Each structure stands twice: as structure tokens, then as C-alpha cells.
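S.K.: Kindly return the folded structure for what I paste below:
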Amino acid sequence: MKSGQLPGVRQLRYTPAPGAQFDVEMLSFAQLRLMDRSRHRTRPQRPDFHVMGLVQSGVGRHTADFVDHPLRERTVVWIRPGVVHRWTDVDDLEGPLLLFTQGFPPAPGPAAQAAADVFGPACWQLDEDTWELALRAADHLGHEHTAAVANPRLASVPLLAHLLAALVLRVLPTEPAGPPTGTPHKHEPGHEPGHDSGHESGLDPGQDPEHAVFRRYRAAVEERFAQHHHVRDYAAVLGYDPRTLTRATRAATGLGAKQFLDQRILLEAKRLLAHTDLPAARCAERLGFHDAANFTTFFQRQAGLSPSRWRRRHDGR
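M.R.: Predicted structure coming up:
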């Protein structure tokens, strides 16, 4: 089994429709249902691209990394690459649905930064005024995408990328940072709150040195969390003092650098336990723990349950 693969989860690769060979594609919930008459959407899947939906009408449910989200009018859904999710119930939903690759939003910039946030929120609500502007942004992107597909002479990849960035900035939540998605609070083991909590504001932090430090740390954690479990290892690689990483991570997320790293390891541990039949010792090995006992101690401390008990509650296979 290759690193990152979960046998119980359908792996989705970005494959745009014929004639729509861009790194962004505009669909709708209605088209999703039409293309998926076998209802594969209701089973766990893991895309290697971003999926963003805007619910214009209807009610439904969506599950992302063990957190169940109600869907209703003015809900924004954002599924990032690597997230294990399923459309629990979207039979009644209407609204635009767009797919885009990780590198498509213009970088550097706040849209690209939001896309790189592995702990960004999966669902949140917009107020009425913001919602109307978000629909206009989605409509503009949709018209340009349709024109680009129909007439290659009109196609402009930079224009599509900037229109996508405008939509991302319009829908970003502005709530204060909350705990990472799927992270339980200590007071109730197994409970994962924060359904509508935001993670980063829509403000451009590009000129803030602490945000630049955090972005580098976040990228390094995503690349190396299965090998390095100590902040000092990342500090050495990145050339910062561990206290600098802690300060920058706390400013961006409300978590210390060590807690941020632990939550990323915990999230992958949960995915392995829920979507594979690997014994705890093999999960420990995949995540860089020297032995199963250390892994069990880590998981119990972070999740409030032993790996075996957590697996029984959340087995997604």
C-alpha cells in the first residue's frame, strides 16, 4: 500500500471533461447527481483536488474527516485535497459546484494561502449580503469557463485563475481561528465540534512576517509529519528558532507549533484507523512511531480514546 492511500476510500484524480482542459471546472449539484447515478458520492472518497460548493437551495448533509455538517441555503462547502469526505445527502441541493487543482489560484496571494490551509474549515454559512456577491462571483467564473470551453480563442487561464481567486476571497469566513477540523476538545472524547468555525480571515497576510513563517512551517509539516514529530526538527530544517515557529503558528491558528503538528499526525491516524484494516502497530509504523505503545499513548492523549475504541466508533469501511 503506497503512502497516502486508504484502501477503503475511493481515490479521485482531477480529470476535467473533454474539451474543458483547464485546472478549474464549473459544475452544479444537479450535474453531480446526473453523473453519479450509482451514488458513489455517498461513500468515502478522497480527491487530489479542491471541491467547492455553494448551496442555493435545499437541505442535506456532508461528512468531512469524521465531522458531519448540515447543508442549507447559503452554506459554503470546501473540500481540500486529501480530505476524506462523502456527500451524505445532496439529493435536494441546488447550486454551483467547482473543482480546481491545488496550484491554480494565483500565488503568492491570499486565495492560494487559503487553498494551502490543510486545516481550513469544510463548511460555513454566509450572511445574505456576502452570499449575493458570492453568487455573482461564481456566475462570472461560470460564464468565462463556458466561453473558454466553447471558443478557445476566448480562453484565458490567468483570467480564470483570478476569477477563482475573487470567488475564494468573497466566500472566506471571517470568524476567529478555531481548532482544526476533526479535532476533538478534551472535555468530550470522540466529539468533534467546530462545524461552522473559521480558520483564517480573508485579509491578505502576505506582508506579515509571522504568517510567512507559519506558511513555511505548515508546508513542512504536511510534507514530513510522518517522519518528524518534534518542532525542533522543523526549526532546524527551516532555519528558525522553535519559539519563532510557536509564536507564528499561534498567531495564525491559535495553536502552538507542537499542538498543530500533533493534530496533523492525529488526523492521519484517524484516517488510517477508519479507512484501513491495518493493525495499530502498522499504523504506528506508517506515522513514524517507533513502537505501537508510543502510538497508543499519543492517540489516547490527543483523542481521549484508545485507537481500538476510536476505530470501533468510526469504522468507515
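S.K.: what about the strands in the stretch 51-200 of the chain?
M.R.: Applying DSSP state E, counting those that start in this stretch to the stretch 51-200 of the chain gives strands spanning 60-64, 67-71, 75-79, 85-89, 96-100, 123-125.
S.K.: excluding its backbone neighbours, what's nearest the most centrally placed residue in the chain?
M.R.: The centre of the chain sits closest to R80, judged by Cα atoms, centre = their mean, with a distance of 3.3 Å. Of all residues beyond its chain neighbours, the one nearest R80 is H50 (5.9 Å), with distances taken as Cβ to Cβ, 6 or more residues apart in numbering. All C-beta atoms are positioned from the backbone trio N, CA, C, and that covers glycine.
S.K.: Now stretch 259-278: buried residues?
M.R.: Neighbour counts over stretch 259-278 (16 or more other Cβ atoms under 10 Å) mark 259-276, 278 as buried.
S.K.: Let's test this: mean pLDDT of that stretch, rounded?
M.R.: The average pLDDT within stretch 259-278 is 91.
S.K.: how about the helices in the stretch 51-200 of the chain?
M.R.: In the stretch 51-200 of the chain, helices defined by DSSP state H, counting those that start in this stretch lie at 110-115, 128-150, 157-171, listed in chain order.
S.K.: weakest of the ones you listed in terms of mean pLDDT?
M.R.: Ranked on mean pLDDT, the bottom entry among the helices of the stretch 51-200 of the chain is helix 110-115, at a mean of 89.
S.K.: now for that one, which elements pack on it?
M.R.: Under the contact criterion of 3 or more Cβ pairs under 8 Å, 6 or more residues apart in numbering; DSSP states H and E, helix 110-115 touches helix 157-171.
S.K.: What is the subsequent helix or strand relative to the helix it packs on?
M.R.: Later in the chain than helix 157-171, the nearest helix or strand by DSSP states H and E is helix 209-224.
S.K.: helices or strands next to that following helix in the packing?
M.R.: With contacts taken as 3+ Cβ pairs under 8 Å, 6+ apart, helix 209-224 sits against helix 231-238, helix 242-253, helix 257-275.
S.K.: Mind doing that once more with 10 Å?
M.R.: Helix 209-224 is packed against helix 110-115, helix 231-238, helix 242-253, helix 257-275, with contacts defined by 3 or more Cβ pairs under 10 Å, 6 or more residues apart in numbering; DSSP states H and E.
S.K.: and of the ones you listed, who's closest to Q56?
M.R.: Taking Cβ to Cβ, helix 110-115 is the member of the helices and strands packed on helix 209-224 nearest to Q56, at 22.1 Å.
S.K.: what's the closest of the helices and strands packed on helix 209-224 to D68?
M.R.: Across the helices and strands packed on helix 209-224, closest to D68 is helix 257-275 (Cβ to Cβ), at 13.7 Å.
S.K.: For that closest one, what is the distance to the chain centroid?
M.R.: Relative to the mean C-alpha coordinate of its chain, helix 257-275 is positioned 13 Å out (Cα atoms, centre = their mean, to the nearest Å).
S.K.: relative orientation of it and helix 242-253 in degrees?
M.R.: 60 degrees (axes from the mean of the first three to the mean of the last three Cα atoms, to 10 degrees).
S.K.: Could you identify the helix or strand that succeeds helix 257-275?
M.R.: Beyond helix 257-275 toward the C-terminal end (DSSP H and E), the next one is helix 280-286.
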